[in-house]
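Q: Structure for this input, please:
(chains A, B, C and D)
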Protein chains: 4
Amino acid sequence: MPITDSTTNLSDLKQRVLTFSRERDWEQFHSPKNLSMALAAEAAELMEHFLWAEPAASQARAAEPGRRRDIEDELADVVIYALEFANVTGIDLAAAIETKLAANAAKYPVEKARGRSDKYNEL
Amino acid sequence: MPITDSTTNLSDLKQRVLTFSRERDWEQFHSPKNLSMALAAEAAELMEHFLWAEPAASQARAAEPGRRRDIEDELADVVIYALEFANVTGIDLAAAIETKLAANAAKYPVEKARGRSDKYNEL
Amino acid sequence: MPITDSTTNLSDLKQRVLTFSRERDWEQFHSPKNLSMALAAEAAELMEHFLWAEPAASQARAAEPGRRRDIEDELADVVIYALEFANVTGIDLAAAIETKLAANAAKYPVEKARGRSDKYNEL
Amino acid sequence: MPITDSTTNLSDLKQRVLTFSRERDWEQFHSPKNLSMALAAEAAELMEHFLWAEPAASQARAAEPGRRRDIEDELADVVIYALEFANVTGIDLAAAIETKLAANAAKYPVEKARGRSDKYNEL
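A: Numbers count the residues shown, from 1 in each chain, chains lettered A, B, ... in the order given. This is a model prediction of the structure:
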């Protein structure tokens, strides 16, 4: 069965990344500090694809055949480091996201935030 | 039932983020370019917790009671934007990660990479 | 005499930053690794002002009275850390920039690069 | 006469970068938004040299013959984009840095901040 988002839970994915790291004895390098740097560096590499594009044109740019695979790789790298950060710090990602979305919902109530990109303190 | 990594698959999590965005009519702002910027900005905020710490000390720093919740929030933000980036570009994250780990396994075979942090072209 | 770009050379500015750091005995924290993180974090804070703005609108955004001073502060932070990085590694910034602009001129000759944002290998 | 930090003022350096950009008709791409992204991306590239190094070892790493020139290039790129950001927004960098250092001196008085990496609100 192919691995897809609908068949993969976050625990399995975290475990897969942890196993990869442990097989190579890389946990010694995976401090929260170092992982946060690697995460930020990969996020920047993803961003580099869009430096000079208009936002509206970046959708087409992300779909270019010669670029698409690179973008998938960069996004994968970002999430791999996020998962490993969660591994080494013992964070439950789904719970953290649920908590954050609830906080965001309070800061950005639908009726006030609809169609606006302002920060909550400017709404 | 509480939401946890072991009960949450990636499709559900992506859908949750997409719904949050659609309810606020925020998809108009969520171009790949803008999302990649937001992702990089949140990754930098996570990193800020560890700027001056020794790597070995960053583990304890991530566990400080007054800091732990902030770090969970920043990590959640990173993954929320990664999921939304996957939403707007149609990327299957689990498949992309599987592909990337396979490529990494070829570049970093266990017997050569064990215990080393060198780049594959320096191994 | 007020301090301005036309009356300030880079050596003086580097010295000013170094003195600030030495007075506080902060050189112990200013490894190239840590400074590169701080630099990236400050660059991300500058970027946060423009996450959801259209590029063309970001000019006006940078001039908003309530935002202008923040942006000046973030840009100053970026350059302060770049200067301190140059201090601790012994890099002559003006020479490094001169070398880089010469390399860029070779990669992006005026007649080929005019009005185009493509990377040199796509020109 | 060689170009060095002690013979170069910031106005001249800003002008050099602006001329390079104008000759290529690149000002159309150089919105504050886009330049802040490019700056953050270059800062991340500089940081990538130090991801897995101990802070104390990063000094030697920055001096490695095969790496030194790359690091000079990345740092130059960071400052070039900072200068161009200052160009398009009309910021006097030396004045902004002077203002920021004065604010930092108030937040981090020598007697309280000496030898400590804590944030001002934790001193």
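Q: Show the contacting residues for the closest residue to A:Ala63 other than its chain neighbours.
A: Taking C-beta to C-beta, 6 or more residues apart in numbering or on different chains as the measure, A:Ala63 lies nearest to B:Thr89, with 7.4 Å between them; neighbours along the chain are not counted. Every C-beta, even on glycine, is put in place using the N, C-alpha and C of the backbone. Contact criterion C-beta atoms under 8 Å, 6 or more residues apart in numbering or on different chains gives A:59, A:62-63, A:71, B:32 as the residues in contact with B:Thr89.
Q: Could you do A:Leu35 as well?
A: A:Leu35 sits next to A:81, A:84-85, A:88 when contact means C-beta under 8 Å, 6+ apart.
Q: Give me the mean pLDDT for stretch A:50-64.
A: In this model, stretch A:50-64 has an average pLDDT of 97.
Q: hey, C-alpha coordinates of it in CSV?
A: Output for stretch A:50-64, consisting of C-alpha atoms alone and laid out as CSV, is shown next (Å, rounded to 0.1, in the frame of the first residue of the first chain):
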residue,chain,number,x,y,z
PHE,A,50,9.8,32.4,-4.8
LEU,A,51,12.1,35.3,-4.0
TRP,A,52,11.3,37.4,-7.1
ALA,A,53,7.9,36.0,-8.1
GLU,A,54,4.7,37.9,-7.6
PRO,A,55,2.6,36.0,-5.0
ALA,A,56,-0.1,35.2,-7.6
ALA,A,57,2.5,33.8,-9.9
SER,A,58,4.1,31.6,-7.2
GLN,A,59,1.4,29.0,-7.6
ALA,A,60,2.4,28.3,-11.2
ARG,A,61,6.0,28.5,-10.2
ALA,A,62,5.5,25.8,-7.6
ALA,A,63,3.9,23.6,-10.3
GLU,A,64,6.8,23.9,-12.9
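Q: Return the set of buried residues in it.
A: Applying a neighbour-count criterion of 16 or more other C-beta atoms under 10 Å in any protein chain shown, the buried positions in stretch A:50-64 are A:50-55, A:58, A:61-62.
Q: What residues of the top helix by length along chain A count as buried?
A: As assigned by DSSP state H, the longest helix anywhere in chain A is helix A:65-89. Residues of helix A:65-89 classed as buried by neighbour count (16+ other C-beta under 10 Å): A:71-89.
Q: Contact partners for the residue lying closest to A:Ser117 once chain neighbours are set aside?
A: Nearest residue to A:Ser117, sequence neighbours excluded (C-beta to C-beta, 6+ apart): C:Trp52, at 3.7 Å. Under the criterion of C-beta under 8 Å, 6+ apart, the neighbours of C:Trp52 are A:117, B:29, B:34.
Q: Just name the closest of the residues you listed to chain D, please.
A: Within these, the smallest distance to chain D is 9.3 Å, found for B:Asn34 (C-beta to the nearest C-beta).
Q: which ones are touching that closest one?
A: For B:Asn34, the residues meeting the contact criterion (C-beta under 8 Å, 6+ apart) are A:55, A:58, C:51-52.
Q: run the last query once more with 7 Å
A: Contacts were defined as C-beta atoms under 7 Å, 6 or more residues apart in numbering or on different chains; by that measure B:Asn34 touches A:55, C:51-52.
Q: Am I right that it is in a helix?
A: Yes: checked against DSSP: H, G, I helix; E, B strand; the rest coil, B:Asn34 lies within a helix.
Q: Spell out which parts of chain A neighbour chain D.
A: For chain A, the residues in contact with chain D under the definition C-beta under 7 Å from any C-beta of the partner chain are A:29, A:34, A:37-38, A:40-41, A:44, A:47-48, A:51-52.
Q: Kindly indicate the member of the residues you listed with the most neighbours.
A: Scoring those on neighbours with other C-beta atoms under 10 Å in any protein chain shown, the highest-scoring entry is A:Ala40 at 32 neighbours.
Q: Spatially, which two of the contacts of B:Thr89 are the most separated?
A: The span of those, defined through C-beta to C-beta, is set by A:Gln59 and A:Ile71 at 11.5 Å.
Q: contacting residues for A:Ala57?
A: Under the contact definition (C-beta under 7 Å, 6+ apart), no residues are listed for A:Ala57.
Q: what number of residues lie near A:Arg114?
A: 12.
Q: again with A:Asp25
A: Residue crowding around A:Asp25 was assessed by other C-beta under 10 Å; the count is 13.
Q: Can you verify my assumption that it contacts B:Gly115?
A: Yes: A:Asp25 is in contact with B:Gly115 according to C-beta atoms under 7 Å; the separation is 4.3 Å.
Q: quick check: angle from the helix or strand harbouring A:Ala38 to helix B:32-48?
A: Here A:Ala38 sits within helix A:32-48, counting by DSSP states H and E. Between helix A:32-48 and helix B:32-48, the angle formed by their directions is 160 degrees, by axes from the mean of the first three to the mean of the last three C-alpha atoms, to 10 degrees.
Q: Direction-wise, compare the helix or strand just after helix A:32-48 with helix C:55-63 and give the angle.
A: Proceeding C-terminally, helix A:32-48 gives way to helix A:55-63 as the next helix or strand, assigned by DSSP H and E. Helix A:55-63 runs at 130 degrees relative to helix C:55-63, counting by the same axes, to 10 degrees.
Q: Check the offset of helix A:55-63 from the chain's centre.
A: Between the mean C-alpha point of helix A:55-63 and the mean C-alpha point of its chain there is a distance of 19 Å (C-alpha atoms, centre = their mean, to the nearest Å).
Q: With stretch A:14-25 instead?
A: Averaging C-alpha coordinates over stretch A:14-25 and over its chain gives two centres that are 18 Å apart (C-alpha atoms, centre = their mean).
Q: Are stretch A:105-114 and chain C in contact anywhere?
A: No: contact between stretch A:105-114 and chain C, assessed by C-beta under 7 Å from any C-beta, is absent, since the two come no nearer than 12.2 Å.
Q: Thank you, goodbye.
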